[in-house]
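[1] Below: sequence and its predicted model.
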2 protein chains.
Amino acid sequence: MNNRTKEGMGTHSGRTFIEEARRRQIVQHAVDVIAEHGFAGATLARIAERAGISKGVISYHFDGKDDLMYEVLTLYESEEQEFIYARVDAQETATDALQMYLRTNIEYMAVHPKHLKAVVEIVIAAKDSKGKRKFDVTSVEWMEDELSRLVSILTRGQESGEFRTFDPRVMAISIRGAIENIAMYILTYPDINVSDYADELTGMFMRATREDSG
Amino acid sequence: MNNRTKEGMGTHSGRTFIEEARRRQIVQHAVDVIAEHGFAGATLARIAERAGISKGVISYHFDGKDDLMYEVLTLYESEEQEFIYARVDAQETATDALQMYLRTNIEYMAVHPKHLKAVVEIVIAAKDSKGKRKFDVTSVEWMEDELSRLVSILTRGQESGEFRTFDPRVMAISIRGAIENIAMYILTYPDINVSDYADELTGMFMRATREDSG
DNA sequence: CTATTATCTGACCGGCTGGTCAGTTTTTGT
DNA sequence: ACAAAAACTGACCAGCCGGTCAGATAATAG
């Protein structure tokens, strides 16, 4: 009486304690391997070896590599979203929201740099393999979703007069690019002062967005 | 009397007309395949098929896949650098230099989006496979090189009083991130107005860098 | 025209990939 | 205690990867 919902992602309906634990363990080790070797270098053999289990176990608990990657993506994506938007949505003005958005993004990636790297790696890989029926839609939608949330903050700021006139989409793309690039550097040089980075980033985009004073 | 310098990259010493043509052809098709399928999906078989030649021809003219990728990287990287810095270095003030830097970057990627995508794909892949003796150093150095040039422009602006006080490195990383992310979007949605993107980007970072007026 | 060299083909190789499965061990239920 | 279900192992598979090579073909030189 095993595989009930395997492919039915999301809600963990009737899973054993052991199964739940194994899945979590595998996902965690998968993240480590992806962060270390990139998506292409994250083979099932390597993930299994890292977890100290047989390769077959992964196939037993997941419907293949794609399913595992999808799990990694959705798990840490939602984890990040919750962390960030719990704080962002608590802000009243768009200015505060944007500032909090930048700050919590940096803060989150300082605590979980591997998670972010893994998510980015998967999304990029999924984008590249477009048309080969992988996790396509989801991955592209993640980018778009993240972007549209940011766009709505920016638009709100423009409507309230806090922000100047600019293309919210270009601004959002630039902000995401800045954040993701800084994430790469935090991973490469872990000994940097994250708080300073957050200050710099907020100072930068506060000036880039606010109404011209003159 | 064939392979003379094969591995000795760079200067094409004594190459046949045919060899030179074939190499160029292979590199061009390699770029197309990388841009379309990503680095991981750019197999020798696919590149050969696209070029309408046998797989062995690639091995005949290049010392393996790494050599081909290295060729793609160096060729289009230098091409881009020349295009951009020919204009950037002609500017007198740091403000003009930065503005030209942003504008020509967008302009270049509008003309050669595939080249840029290919370079980014290779650099990312090389970064991931770090420690596995590929083109490691070079790829990381490209990023660092690109970054240090930008940093020097920013530092110059700060010394001349054009720019406010900020961490030039963080700013440079953010600018690169914004440019590269926009590149991805231009590739995804080719029907956007590139000129507008350039205007938005310059407006954004002009405000982010300039001395506060008050 | 002929011999030599350069170029190219297509079959082939070992190695690694994701994935499968018969059989063994562990956990669970009674 | 014991049977059934769950969890796991390790050997195995086909398929693709980068790369090689003997032999076919094309270009060139004498």
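    Great, that's in hand. The structure displayed is predicted, hence computed values, not measured ones.
[2] Show me which positions of the helix or strand harbouring residue A:29 end up buried.
    Assigned by DSSP states H and E, residue A:29 belongs to helix A:17-37. Neighbour-count burial for helix A:17-37 flags A:22-23, A:26-37 (criterion: 16 or more other CB atoms under 10 Å in any protein chain shown). All C-beta spots, glycine's among them, are computed from the backbone N, C-alpha and C.
[3] Report the rounded mean pLDDT for that helix.
    On average, the pLDDT along helix A:17-37 is 93.
[4] Surely residue A:26 is in contact with residue A:51?
    Yes. At 5.9 Å, residue A:26 counts as touching residue A:51 under the criterion of CB atoms under 8 Å.
[5] joint contacts of these two?
    Residues within reach of residue A:26 and of residue A:51 at once, by CB atoms under 8 Å, 6 or more residues apart in numbering or on different chains, are residue A:57.
[6] how is chain A carved up into domains?
    Per the record's domain assignment (automatic domain parsing), chain A is made up of the domains A:17-65, A:73-209.
[7] mean pLDDT for those: which is lowest?
    Note on these: lowest mean pLDDT is at domain A:73-209, with a mean of 87.
[8] Verify the contact between residue A:113 and residue A:185 for me.
    No. Between residue A:113 and residue A:185 no contact is recorded; they are 10.2 Å apart, counting by CB under 8 Å.
[9] about what we covered before: buried sites along the following helix or strand past the helix holding residue A:29?
    Toward the C-terminus, helix A:17-37 is succeeded by helix A:44-51 as the next helix or strand (DSSP H and E). When neighbours are counted by 16+ other CB under 10 Å, the buried residues of helix A:44-51 are found to be A:44, A:46, A:47, A:48, A:50, A:51.
[10] do the same with stretch A:186-205
    Residues of stretch A:186-205 classed as buried under the neighbour-count rule (16+ other CB under 10 Å) are A:186, A:187, A:194, A:197, A:198, A:199, A:200, A:201, A:202, A:203, A:204, A:205.
[11] how close does the second one get to residue B:129?
    Distance, residue A:187 to residue B:129, by CB to CB, to the nearest Å: 15 Å.
[12] Can you show me the CA trace of stretch A:169-186 as CSV?
    Presented in CSV, the C-alpha positions along stretch A:169-186 are these (Å, rounded to 0.1, in the frame of the first residue of the first chain):
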residue,chain,number,x,y,z
ARG,A,169,8.8,46.1,-15.2
VAL,A,170,12.3,47.2,-16.1
MET,A,171,12.9,48.4,-12.5
ALA,A,172,11.6,45.1,-11.2
ILE,A,173,13.9,43.1,-13.6
SER,A,174,16.8,45.2,-12.5
ILE,A,175,16.1,44.7,-8.8
ARG,A,176,15.8,41.0,-9.2
GLY,A,177,19.0,40.9,-11.2
ALA,A,178,20.9,42.9,-8.6
ILE,A,179,19.6,40.6,-5.8
GLU,A,180,20.4,37.4,-7.6
ASN,A,181,23.9,38.6,-8.6
ILE,A,182,24.7,39.6,-5.1
ALA,A,183,23.5,36.2,-4.0
MET,A,184,26.1,34.6,-6.2
TYR,A,185,28.8,36.7,-4.6
ILE,A,186,27.7,35.9,-1.1
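[13] can you tell if that stretch touches chain B?
    Yes. Counting by CB under 8 Å from any CB of the partner chain, chain B is contacted by stretch A:169-186 at A:170-171, A:173-182, A:185.
[14] what comes into contact with that stretch?
    By CB under 8 Å, 6+ apart, the surrounding residues in contact with stretch A:169-186 are A:102, A:105-106, A:109-110, A:113, A:116-117, A:120, A:146-147, A:150-151, A:154, A:192, A:194, A:197, A:201, A:204-205, A:208-209, B:170, B:173-182, B:185, B:196-197, B:200-201, B:204.
[15] Quick one: buried ones out of those residues?
    Among the contacts of stretch A:169-186, the ones that count as buried (16+ other CB under 10 Å) are A:102, A:105-106, A:109-110, A:113, A:116-117, A:120, A:146-147, A:150-151, A:154, A:194, A:197, A:201, A:204-205, A:208-209, B:170, B:173-182, B:185, B:197, B:200-201, B:204.
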